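Q: the following comprises the amino acid sequence and a computationally predicted model.
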Amino acid sequence: MAKRLRSIPPAVTVVVGTVPNAQSFSVYKLALCFASPYFDTMLSSGMREDNTNSIELPDKDPEEWKAFYSIIDPSQIGQVQSESSIDEDNAVMLTKWFHEFQMVSGSLVLMIIQALNL
């Protein structure tokens, strides 16, 4: 699936942060919807974000977004990158993102526990 998905261009723009430090990211709508009920509702129910294919997260940090999205980015599947892993340095921050966007799965919890050596 990842190979076919990578051949489809990203369909959503996520703007993270506030001007002048805001950054725009092109992301896969399907990846967001599959990973998060929050994004699934936002992008499939006729809300503004669904109609514009754009999400604004002004109260978020662009660097944190990069770490968060790297976990669900289908273009990273099968690639070894330290940037797309949960480790002791980013586990607490990512936990907050996962909670806010309703991403509670056994595999994410296990990855966080392992990263924190609990």
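A: Thanks, I have the structure now.
Q: can you check the pLDDT for the closest residue to Gly17 other than its chain neighbours?
A: In space, and not counting its chain neighbours, Gly17 is closest to Pro62: 4.9 Å by C-beta to C-beta, 6 or more residues apart in numbering. Using the backbone N, CA and C atoms, a C-beta is placed for each residue, glycine as well. Predicted confidence (pLDDT) for Pro62: 97.
Q: what do you get for the one 4 residues further on?
A: You'll see Lys66 listed with a pLDDT of 93.
Q: do the same with Leu110
A: 65.
Q: what's the neighbour count on the residue nearest to Gly17?
A: Counted with other C-beta atoms under 10 Å, residues neighbouring Pro62 total 16.
Q: what do you get for Met47?
A: Met47, neighbours per other C-beta under 10 Å, totals 12.
Q: now do the contacts for Gly17.
A: 23, 57-58, 60-62 (C-beta atoms under 8 Å, 6 or more residues apart in numbering).
Q: relative to Ser85, how far out is it?
A: 23 Å (C-beta to C-beta, to the nearest Å).
Q: do you know how far Ile71 is from Phe98?
A: 9 Å.
Q: measure how buried the nearest residue to Ala11 once chain neighbours are set aside is and give me the count.
A: In this structure, Ala11 finds its nearest non-sequential neighbour in Lys29, 4.4 Å apart by C-beta to C-beta, 6+ apart. Look at Lys29: counted by other C-beta under 10 Å, it has 19 neighbours.
Q: next: the one 10 residues further on.
A: For Phe39, the neighbour count with other C-beta under 10 Å is 23.
Q: buried ones in the strand or helix carrying it?
A: Assigned by DSSP states H and E, Phe39 belongs to helix 37-44. The neighbour-count check on helix 37-44 (16 or more other C-beta atoms under 10 Å) flags 39-40, 42-43 as buried.
Q: can you redo those as CSV with pLDDT?
A: CSV is the format used below for the buried residues of helix 37-44 (pLDDT from 0 to 100):
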residue, pLDDT
Phe39, 95
Asp40, 93
Met42, 94
Leu43, 93
